[in-house]
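1. this one's sequence-less:
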């Protein structure tokens, strides 16, 4: 058997055994796939301590957003009362998300509602646009 035939026979045997490094089913591909899969979330809950720290930051963000919405609404000409009522939704969500007896699931759901409400209120305060318009005098390109 010549060298080329031996090489081909060795490659065929390696492919059949799953040890060919260039084969998609070989150990290199398996190691890469296992590495990628191990880096992905496993669908488990966060430990209580980690969740509490993250949730505290999210609730703080809700309070900052509630105050910011009042200021934004007033600057857009909606008035302080209108803006305070609008941002009250976010403030209520921040308050309810802070009540420990409600449990992790309910508090997480309420905080998520508050974050999504902030986005909806931004669109409202910007007059139905998803971002503020520029104040330049150039015409729109659309």
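-> Right, received. Where do you want to start? Source: prediction; values computed, not measured.
2. CA only for contacts and neighbour counts going forward, please
-> Noted.
3. Helix or strand next in line after the longest helix seen in the chain, which one?
-> Counting residues, the longest helix found in the chain (DSSP state H) is helix 48-75. Sequence order places helix 80-96 as the next helix or strand after helix 48-75, per DSSP states H and E.
4. which other helices and strands contact the longest helix of the chain?
-> helix 80-96, helix 103-125 (3 or more C-alpha pairs under 8 Å, 6 or more residues apart in numbering; DSSP states H and E).
5. taking the mean pLDDT, what do you get for that helix?
-> The average pLDDT for helix 48-75 rounds to 95.
6. and the angle for that helix with helix 103-125?
-> 20 degrees (axes from the mean of the first three to the mean of the last three C-alpha atoms, to 10 degrees).
7. Now helix 48-75: buried residues?
-> Within helix 48-75, the residues scored as buried using 16 or more other C-alpha atoms under 10 Å are 55, 58-59, 62-63, 65-67, 69-74.
8. Check stretch 93-108 too.
-> Counting neighbours by 16+ other C-alpha under 10 Å, the buried set in stretch 93-108 is 93-98, 104, 107-108.
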